[in-house]
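Undergrad: I need the structure of the sequence given here:
(2 chains)
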Amino acid sequence: MFEKKEPIFKRTAPEPPHQFSTPSPDQNLSNKSVFIGQSIHIKGELTGNEDLTVEGKVEGNIELKDHNLTIGGNGRIEAEVFAKNITIMGDVHGNVYAEDKVEITKTGSLRGNIVAPRVVIEDGARFKGSIEMESEKKPMSTESKGKIGKVLGEPIPIMGEKAVAHS
Amino acid sequence: MIWSARPESQIHLPESESVTKSPLRTLDFFFENTSHLTRPALLDMGSACNSNIRFFGQQGFKIYVEDFLNDYLDSGNGPPCRSGFLLNYPLSSFDGILCWDVLEAMEPEDAKILIQRLFALLKDGGFIIALFDAREEPHAKYVMRHKIIEQEMFIHEPIREIPSAARHYKNREIIQLFGQFEVVKSYYHKNRLREYLFQKLSSTIS
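TA: So this is what the prediction gives:
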């Protein structure tokens, strides 16, 4: 008499458990990539061709083509961020664009929009913004800033800049 | 100003607050009525939950995470509802809104303001999926994480205790609160959770 309807939504295979990047306090992050220490405060554009770990404060833009960016537990970022893989263990205020993956650990917080094929957010992480998981890799450039800024017509302003509506 | 992550405390729960499971019954109808949309926008009023983001992302939604309740409780300048800054999105932005266990922790007047704002942010024909705790007896209130673990089931985890007792809404009060919406579906679960699907039918903006 009653037919059980198949659910309308797509059935997906469960994802294997993700191992989050939570280095031990003794781990020397400076051995693995360029390291910006806790007392360093940078204003402006940061670009490079190697991996970067930030434990200090950066305001502006960070662009690492084909390389990884790690915001350490003490890192404070107010910037647009572009990298291959982005791991957030500290605080980020700005839009984030990754060619491969964005990961926010339980000590991390992000206020901004994410554009990346893969996004992983650990329980306990704070996040406010939109997530767009692109299926195709796109060339990374600062022109992408306009794209990820188009959040329903208004970007999230950073560093006191006024929100400008995009057409 | 950068807001920092608040590490989740180790919560020792009484039995009444243990993690529970329930089926999510409104999702079928919601997906059936949004499957024709290209890149529908979904606003999640709760805190970021990886499994939910992945689940709705795989269904084709662009997800906006608001983490409203944590901000509401953390706000040092008065609740966001009263400060004039409330969900800073253009009108008629979203095809769906998840309002899971948010309203009971708010002042009643703030809850009404929030509902009016959600109405304005929803597109015509858009849906709100709302969850309420149906327990009538006084109980401690927690910010809850409602995590979708399988296609038709989700679990409810308390993650942060709220200092004040929860406001309890009866069914008719919930219907009245969402008076601008049409009630499409409503369920009462064994774990005493009420689940509603509301739809905005009018373009009247309050």
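Undergrad: restrict the longest strand seen in chain B to CA atoms and write it as PDB.
TA: Assignment by DSSP state E gives strand B:122-133 as the longest strand of chain B. Extracted in PDB, the C-alpha atoms of strand B:122-133 (Å, rounded to 0.1, in the frame of the first residue of the first chain):
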ATOM      1  CA  LEU B 122      15.200  34.200   1.700                       C
ATOM      2  CA  LYS B 123      14.200  34.100  -2.000                       C
ATOM      3  CA  ASP B 124      10.500  33.600  -2.900                       C
ATOM      4  CA  GLY B 125       9.900  29.900  -2.600                       C
ATOM      5  CA  GLY B 126      12.900  29.400  -0.400                       C
ATOM      6  CA  PHE B 127      12.900  27.100   2.700                       C
ATOM      7  CA  ILE B 128      13.900  27.200   6.300                       C
ATOM      8  CA  ILE B 129      14.700  24.000   8.100                       C
ATOM      9  CA  ALA B 130      14.200  24.700  11.800                       C
ATOM     10  CA  LEU B 131      15.000  22.500  14.800                       C
ATOM     11  CA  PHE B 132      13.700  23.000  18.300                       C
ATOM     12  CA  ASP B 133      14.100  21.200  21.600                       C
END
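Undergrad: give the buried residues for it.
TA: For strand B:122-133, a neighbour-count test (16 or more other C-beta atoms under 10 Å in any protein chain shown) marks B:Leu122, B:Lys123, B:Gly126, B:Phe127, B:Ile128, B:Ile129, B:Ala130, B:Leu131, B:Phe132, B:Asp133 as buried. For every residue, glycine as well, the C-beta is placed using N, CA and C.
Undergrad: what about the helices in chain B?
TA: Assigned by DSSP state H, chain B shows helices spanning B:27-32, B:50-58, B:68-74, B:108-121, B:171-177.
Undergrad: and the shortest one, average pLDDT?
TA: Helix B:27-32 shows a mean pLDDT of 90 in the predicted model.
Undergrad: hang on, B:Asp44 packs against B:Phe61?
TA: No. With contact defined as C-beta atoms under 8 Å, B:Asp44 does not count as touching B:Phe61 (9.6 Å).
Undergrad: in chain A, where's the longest strand?
TA: From DSSP E, the single longest strand across chain A is strand A:76-88.
Undergrad: please identify which helix or strand holds A:Val92.
TA: strand A:91-93 (DSSP states H and E).
Undergrad: and that strand, what does it pack against?
TA: Packed against strand A:91-93 by the contact rule (3 or more C-beta pairs under 8 Å, 6 or more residues apart in numbering or on different chains; DSSP states H and E) you find strand A:76-88, strand A:109-111.
Undergrad: and those strands as CSV, adding distance to chain B?
TA: Output for these, formatted as CSV (distance: least, C-beta to the nearest C-beta, whole Å):
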stretch, distance to chain B
strand A:76-88, 6
strand A:109-111, 4
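Undergrad: can you list those in CSV and add mean neighbour count and mean pLDDT?
TA: Listed next are these as CSV, based on neighbours: other C-beta atoms under 10 Å in any protein chain shown; pLDDT from 0 to 100:
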stretch, mean neighbour count, mean pLDDT
strand A:76-88, 24, 96
strand A:109-111, 25, 96
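Undergrad: hey, where'd the helices end up in chain A?
TA: Per DSSP H, chain A carries helices over the ranges A:144-148.
Undergrad: and the strands in it, which stretches?
TA: Under DSSP E, chain A gives strands at A:34-36, A:41-48, A:52-54, A:57-64, A:68-71, A:76-88, A:91-93, A:96-104, A:109-111, A:114-115, A:118-121, A:126-132.
Undergrad: ranking the helices of chain B by mean pLDDT, which is last?
TA: helix B:68-74 (a mean of 79).
Undergrad: now it: buried residues?
TA: Neighbour-count burial for helix B:68-74 [16+ other C-beta under 10 Å]: B:Phe68, B:Leu69, B:Asn70, B:Tyr72, B:Leu73.
Undergrad: surely the third one and A:Arg126 touch.
TA: The one in question is B:Asn70. Yes. Using C-beta under 8 Å, B:Asn70 is in contact with A:Arg126, at 7.2 Å.
Undergrad: how near is the closest residue to B:His189 other than its chain neighbours to B:Gly125?
TA: Of all residues not flanking B:His189 in the chain, B:Ser22 sits nearest, at 4.3 Å (C-beta to C-beta, 6 or more residues apart in numbering or on different chains). Using C-beta to C-beta, to the nearest Å, B:Ser22 is found at 27 Å from B:Gly125.
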